[in-house]
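**Q** Pasting the sequence and the predicted coordinates here, then a few questions.
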Amino acid sequence: MEKTFNCPICNNSSWEQIGKMTYKSRDHKEGTIIFNDKYTLLRRKILFNIWLPDFDSIKFQSQYCSSCYFACYSPRPNSIDIKKKYEFLQDKEKYLGAFKSQSKKTIDLENKRSKKYFHILKRNGFSKSDTILDVGGGDGRHLLPFYKKEFRCYIIDYNKYPINGITRLGSTLDHIPRQLKFDYILCTHVLEHVADPVRFLKKMLGNLKDDGLCYVEVPSEIWYDINWDPVTHINFFTKASLANTIIHSGFDLIKIKKTIGSYGEKRILIIWALIRKNTSKSQTLISGKEEIRKLITPNYFSILKRRSYEMRRNNSLKPLFRLIKQIVRKIIKTF
C-alpha cells in the first residue's frame, strides 16, 4: 500500500483531509462482536493478512484532491494489491460479483437495472449484429435484455460462471483479444474498485469501436465523510470528479446524471455517464469545489433532501425523526 501518492485522476499532490479512522486486527477476527458477518470478515482478512501482514493496526485518512475533488483513502492500495484482493475473493467466493439472494425484491430491482441500461443505449439505435461488453459485470445478468435482442454478449470478470448466452473473455481487460472491438461497453460499479481509474478507462477505450458508446455508473458515497470500508471501495466520486476522470481518460462526455438507482436489494444514490471516444480537441474540466463542500458540510436543506431520499429508499419515517432531533438540538444550543 502507498502512503504518499499523487491524485490518480489529475496527478495533483495537494490533498484536503476529511476524517480519520483506525483499524485493529484483533477487532476483526471471527467471533468478535464488532464484525461477525462473512462479507466483512473476508475484507478484514484482505486488509491485515494480504495487504498489511506485518501490521496490528492501521490509521486511514479520508481525503479529497484540491484540484479535481476526487476522494480516497490514504494509505492507498496499488494495482498489485487490488489483483491480490480479487484473486483471494475468487478463491473464497465461487460466484464472485453475483447476487446470491434470489428474493423477489432483488430480482425485480436487478431486472429493472438491466432494462435501464438497455433503454439508455437503445435511444442511439441498435442492430442485431451489435456487440456489447460488460466490464466487471459478475455473472453477466445485466446483458440479458441485449442477448434477447440477438446481441453478441461478452463479459470480463473474476467470476468464472457466466449465465447462459454470455461469453466470458477472462478476468481483466488484458484478456480481451486485440482484434475484438465493441459497439457498446457497460462499466457499472467498477471504477470505485480500481487502483488507477484513468488508466483503466483509457485501456477500456481501446476496446470500443470509433462510433461506439460506453455507459459508466458509480455509487455516490460522499456524505459528511466517505464510506468507511477501506477494502471494498477505494475511490469516491462526485458528479464533477467523475466527469473530470472521463475527460482525463480521453472520452467525450455526452451526458452525466446523479439520481437514485439500485444495487442488489439496496436503493442507493448513483452517478451515471454516457460517453464515447473524444471527437473534439479539448474539453473543459468541471469545477467541483462547491459540490464537495456541500456534501462534506451540508446545510439543513441538503440534510432534509438526503433524509427524504432515505425515506424513499427504506420506506421508513426514521430519517425524518433523526432530522427533527438534529434541528431541536441545534435550537437548544442557541439558548
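**A** That came in fine, so what should we check first?
**Q** Tell me which stretches of the stretch 51-200 of the chain form helices.
**A** 79-92, 104-122, 144-147, 197-205 (DSSP state H, counting those that start in this stretch).
**Q** Got the confidence number for Gln90?
**A** Predicted confidence (pLDDT) for Gln90: 78.
**Q** quick check: domain ranges of the chain?
**A** Per automatic domain parsing, the structural domains of the chain span 15-92, 104-292, 298-333.
**Q** Throw the ones you listed into TSV and include mean neighbour count, thanks.
**A** Yep, even glycine has a C-beta here, placed from its N, CA and C like the rest. As requested, the domains of the chain are exported to TSV (neighbours: other C-beta atoms under 10 Å):
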stretch	mean neighbour count
domain 15-92	16
domain 104-292	18
domain 298-333	12
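**Q** Out of the ones you listed, flag the one nearest Met1.
**A** Closest to Met1 of the domains of the chain, according to C-beta to C-beta: domain 15-92, at 4.2 Å.
**Q** For Ser262, give me phi and psi.
**A** When read as degrees, to the nearest 10, the backbone of Ser262 gives phi -140, psi 160.
**Q** which ones are touching it?
**A** Contact analysis of Ser262 by C-beta atoms under 8 Å, 6 or more residues apart in numbering lists Leu109, Glu110, Lys112, Arg113, Ile268.
**Q** and the closest residue to the fourth one other than its chain neighbours, what are its bridge partners?
**A** Leaving aside its sequence neighbours, Arg113 sits nearest to Ser262 (C-beta to C-beta, 6 or more residues apart in numbering; 5.4 Å). Note on Ser262: beta-bridge partners by DSSP bridges are Arg267.
**Q** Show the pLDDT at Ser262.
**A** Listed pLDDT for Ser262 reads 78.
**Q** quick one: it from Lys115, how far?
**A** 12 Å (C-beta to C-beta, to the nearest Å).
**Q** All the strands of the stretch 151-300 of the chain, in order from the start?
**A** Counting by DSSP state E, counting those that start in this stretch, the stretch 151-300 of the chain has strands at residues 152-156, 167-170, 182-188, 208-219, 235-236, 251-263, 266-277.
**Q** so which of the ones you listed gets nearest Pro77?
**A** Between the strands of the stretch 151-300 of the chain, strand 235-236 lies closest to Pro77; by C-beta to C-beta that is 10.7 Å.
**Q** What helices and strands are in contact with the closest one?
**A** strand 71-74 (3 or more C-beta pairs under 8 Å, 6 or more residues apart in numbering; DSSP states H and E).
**Q** So what touches the strand it packs on?
**A** 3, 5, 8, 15, 18, 60-65, 222, 226, 230, 234-238, 241, 292.
**Q** wait, what's in contact with the residue nearest to Gly288 when sequence neighbours are not counted?
**A** Nearest in space to Gly288, with sequence neighbours left out and distances taken as C-beta to C-beta, 6+ apart, is Ala240 at 2.7 Å. Going by C-beta under 8 Å, 6+ apart, Ala240 touches Cys68, Tyr69, Ile286, Ser287, Gly288, Glu291, Ile292.
**Q** ok, what's across the strand from Thr188?
**A** Following DSSP bridges, Thr188 is listed with bridge partners Glu217.
**Q** about what we covered before: in terms of mean pLDDT, which of the helices of the stretch 51-200 of the chain ranks lowest?
**A** helix 104-122 (a mean of 83).
**Q** Identify the residues contacting it?
**A** Around helix 104-122, the neighbours that count as contacts under C-beta under 8 Å, 6+ apart are 99, 141-146, 184, 186, 188, 213, 215, 261-265, 267, 272, 274.
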